[in-house]
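*Asks:* Just to be clear, the model below is a prediction. Sequence and coordinates:
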Amino acid sequence: MLATDSKRDLLWLSAALLVFFGLCLGLSPYINPSEARLIEIPRQMLASGDWLTPHVNGVPYFEKPPLFYWVQASMLHVFGMSEWAGRLANCLMVIATVLLTHATGRMLYSRAAGLLAALVLSTCLMGYALSRFVTLDVPLTLMVTFSIFWFIRALKTFERTERRLWYGNMYVASGLAVMSKGMLGLVLPALIIGSWVLVCRRWDILSKARLGAGLLILLAITAPWHVLMAIEHPQFLNYYFVQEHFNRFVSDGHKRTMPWWFFIAVGAAGLLPWLCVLPSSLRRMWEKRNETAWLLMLWAGLPLLFFSGSHSKLAPYIFPSFPPLAVMMGVYLSQLWKKDNRNLSITVSGWVLVAVLGSAAFLLPVLDVLPGKAGRILKSGETLLPLLLPLAPATMVLLATLIMGKTSRSVIAAIAGLGVVLNLCMNFAVLQLNPTSTKPLAEALSRQLEANDLVATYDNYWHDLPVYLNRNVMVVNWLGDLEFGLSHHPPSQQWMLNPDNFLYVCANNPASLYVFGNSGDLEKLTSLPNCPLVELARSGPIVLLKKVPAD
């Protein structure tokens, strides 16, 4: 049973996190393509009633298992199709991960370590950003964290029946992790726990963990959907396991190749404003090198090494490393908090943070000279204002705290306040980082769209368009990540068209036809043979056209 102070901490922490993460949750449109895709799939489940096979714009999508889609579809059914509802499940899972990190720190070390670990994870850039960006890495991280949490509970339990329960919970969490993002949900906890058993020579765990019973639990959770999918789609297992698990890891087919140090840089940026606390925290753990320290270091380090070896790299992949990093930093900060004196390490961390933010404030206005997308975004200056104005007083508070020589508690509080302000500001800055949203055009079009009207995209596909229109669209001369599903689902060829078929539809369909395209292709779009199109509106690089009625 939870102690009274533990219940009180969870209550207040949950309330604070709900407010902090809930603010501005639906402020920005869905980001193309990945976030919008993860909303489109549950929208399709609600529209079609097919909860077995994920679909994107009516095309089967075999890349990931459905657990998160089911949760998302339930949220959208209850709360509607707003961005707030679409991100709610993801946000609640991040909050649950923070609470679980708090519980892990408290169980392994102390109440203060748990609370400060939660503070680090909730106010670092990665933790906060993933609470408002829908990604499968969040449910994966939550379930992997649960797996390790229940493993730790089992290690600390001497009563046999209770220990079996905790190991059972560990297998359930691993099974749910598999159903969230595939075999990674089993590979990561097995890699972490197996490495810990090897390093610490805890061979007794192999018998206590009841591996046979665990396998049965895993199969009971994961096998039904995979078997039903294999029966419904005979080509599914080969594509799902070979292409989406093995080939994605070892090949460059998804064009997500990054240098080996990519996740080191992502992790460093994601830990801001607490990054400078990490070296001291890691050093303390390395000095101890007891069983608990080894578990935390392996838990943090192995996902980083694993994903660094992959040929497919995206920033959220290393989120599973953040809960143990937060616990290690929470332990170190709790020691400073307890002594509450002037500490050189935390003081230097504060000064480095002030220097970094000061340099950024000086350099950002001249970064519009950068080539490509970054330069275009910064050139307007609209991205800078929401960031710089609120950050200035928060940075000045930290600076004043350092100059006055305040104790460690004051510096920690000032860094945490700066993290809160920095993250809240990012909600407004991200509005400028999403120029490819179809939301403005789609909402304007939906007000005049009739049931029989046709909507198409030409030479491109914006995953958020079916979401905002709440209907499937024709896609012309584009396959992308829908190519495999299209080749194994012939009916979808009725709306996934080549240019010639589109011209036939345009010339022979009496209903109104609307076309979304790239503004750079406007001349091409307005000169299609037998398909007269005129521009209606544009938003950023996207243009909306309509077929001119025949005389």
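*Replies:* Great, that's in hand.

*Asks:* rest of the way, CA atoms for contacts and neighbours
*Replies:* Fine.

*Asks:* quick one: low-confidence ranges for the chain?
*Replies:* By pLDDT under 70, the weakly predicted segments of the chain are 1-4, 249-257, 360-388, 431-433, 550-551.

*Asks:* care to break it down by domain?
*Replies:* Per automatic domain parsing, the structural domains of the chain span 4-30+64-232+257-330, 344-433, 439-547.

*Asks:* Among those domains, which comes closest to residue 40?
*Replies:* Proximity to residue 40 (Cα to Cα) singles out domain 439-547 among these, at 5.6 Å.

*Asks:* can you map out the helices along the stretch 1-150 of the chain?
*Replies:* Listed in chain order, the helices of the stretch 1-150 of the chain (DSSP state H, counting those that start in this stretch) span 4-22, 34-48, 67-79, 83-108, 111-123, 125-129, 137-155.

*Asks:* What helices and strands are in contact with the fourth one?
*Replies:* For helix 83-108, the elements it packs on are helix 4-22, helix 67-79, helix 111-123, helix 137-155, helix 322-339, judged by 3 or more Cα pairs under 8 Å, 6 or more residues apart in numbering; DSSP states H and E.

*Asks:* still on that earlier bit, buried deepest among the domains of the chain, which one?
*Replies:* domain 4-30+64-232+257-330 (a mean of 20; mean count of other Cα atoms under 10 Å).

*Asks:* Off-centre distance for that one?
*Replies:* 12 Å (Cα atoms, centre = their mean, to the nearest Å).

*Asks:* Contacts only, for residue 353.
*Replies:* Neighbouring residues of residue 353 by Cα atoms under 8 Å, 6 or more residues apart in numbering: 273, 276.

*Asks:* try 7 Å this time
*Replies:* By Cα atoms under 7 Å, 6 or more residues apart in numbering, the contact set of residue 353 is residue 273.

*Asks:* Just say helix, strand or coil for it.
*Replies:* helix (DSSP: H, G, I helix; E, B strand; the rest coil).

*Asks:* Redo the domains of the chain as a markdown table? Include distance to residue 44.
*Replies:* Below are the domains of the chain laid out as a markdown table (distance: least, Cα to Cα, whole Å):
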| stretch | distance to residue 44 |
| --- | --- |
| domain 4-30+64-232+257-330 | 9 |
| domain 344-433 | 26 |
| domain 439-547 | 9 |
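
*Asks:* Show me the one of those that comes nearest residue 37.
*Replies:* Across those, closest to residue 37 is domain 439-547 (Cα to Cα), at 5.5 Å.

*Asks:* Would you mind measuring the gap between the ends of that closest one?
*Replies:* The straight-line separation of the ends of domain 439-547 (Cα to Cα, to the nearest Å) is 21 Å.

*Asks:* so which of the helices of the stretch 1-150 of the chain comes closest to residue 532?
*Replies:* Smallest distance to residue 532 across those (Cα to Cα): 30.3 Å, for helix 34-48.

*Asks:* angle of that closest one against helix 83-108?
*Replies:* Using axes from the mean of the first three to the mean of the last three Cα atoms, to 10 degrees, the inter-axis angle of helix 34-48 relative to helix 83-108 is 110 degrees.

*Asks:* hang on, the earlier thing: got the helices and strands packed on helix 83-108 as TSV, with distance to residue 346 columns?
*Replies:* Formatted as TSV, the helices and strands packed on helix 83-108 follow (distance: least, Cα to Cα, whole Å):
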stretch	distance to residue 346
helix 4-22	24
helix 67-79	39
helix 111-123	14
helix 137-155	28
helix 322-339	8
